[in-house]
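> no letters, just coordinates:
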Ligand SMILES: [Fe+2]
């Protein structure tokens with residue numbers, strides 16, 4: 001069985017993922033897919049279907065984990081592995097347990113989903129700066145957690161530089177994706193005709 005966008009949505013329903021987490025995950029998937037398209041154009045070996053499905057499913061176990069105390073990235077990995085989609089599971093796992101890439105390594109789906117998740121505050125696409133400000137306010141209660149958050153922000157900024165190197169889009173351009181309402185349709189359409197989708201949906205504004 002192949003992991004398709006329809007199956008990913010079905011899994012979200014089956015796992016009873018609440019609406020607000022689905023909306024968050026759809027925004028993460030939008031960023032991941034658009035960024036993936038541009039990176040693929042740059043020659044990176046990205047599997048766009050896998051990337052988009054994993055982005056959509058990255059928080060599939062989040063709600064359940066709040067109740068059980070399990071780590072949601074780990075339980076997401078286990079679920080996907082049991083379903084026969086281990087590669088998607090690995091990408092989900094890495095959105096929390098991120099391993100920095102080796103110098104010179106090609107861009108991985110893990111890096112894109114990790115980054116995309118840091119660009120979405122609830123269900124709104126924001127800058128890294130804004131997202132980390134929000135994270136510090138919510139979770140930076142102790143000095144230790146503040147330091148951890150600052151290190152994570154610096155690492156994510158470095159990752160942003162790596163991802164956008166030689167791309168014709170800038171991180172701010174992704175804010176335009178907030179205008180998209182029918183996310184599922186757009187994801188479907190873009191998976192079919194990748195390089196032109198961006199222009200079709202938000203026009204020529206983002207292309208200087
Ligand atoms: Fe997330």
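Done, it's in. The shown structure was predicted, so the numbers you read here are calculated from the model rather than taken from an experiment. Numbers count the residues shown, from 1 in each chain.
> any idea how many residues pack against residue 152?
14 (other CB atoms under 10 Å). For glycine as for every other residue, the C-beta is placed from the backbone atoms N, C-alpha and C.
> show me the contacts for it.
For residue 152, the contacting residues are residue 132, by CB atoms under 8 Å, 6 or more residues apart in numbering.
> which SSE is it in?
Here residue 152, judged by DSSP states H and E, is contained in helix 143-164.
> any idea how far the helix or strand just after that helix is from the chain center?
Once helix 143-164 ends, the next helix or strand along the chain (criterion: DSSP H and E) is helix 183-192. Its chain's average C-alpha position is 15 Å from that of helix 183-192, according to CA atoms, centre = their mean, to the nearest Å.
> for helix 183-192, which residues meet the burial criterion?
183, 186-187, 190-191 (16 or more other CB atoms under 10 Å).
> what helices or strands is it leaning on?
Packing partners of helix 183-192 (3 or more CB pairs under 8 Å, 6 or more residues apart in numbering; DSSP states H and E): helix 5-14, helix 19-41, helix 48-57, helix 194-202.
> still on that earlier bit, which single one of the buried residues of helix 183-192 is nearest to the ion?
Among the buried residues of helix 183-192, residue 183 lies closest to the ion (CB to the ion), at 14.6 Å.
> so that closest one touches residue 33, yeah?
No - the criterion here is CB atoms under 8 Å, and residue 183 misses it with residue 33 at 10.1 Å.
> so what's residue 3 up against?
Shown in contact with residue 3 (CB under 8 Å, 6+ apart): 49-50, 53, 85, 88.
> now do 7 Å
Neighbour list for residue 3: 50, 53, 85, 88 [criterion: CB atoms under 7 Å, 6 or more residues apart in numbering].
> what is the nearest of those to residue 139?
Comparing those against residue 139 with CB to CB places residue 88 closest, at 26.9 Å.
> am I right that the closest one falls within a helix?
Yes - secondary structure of residue 88 (DSSP: H, G, I helix; E, B strand; the rest coil): part of a helix.
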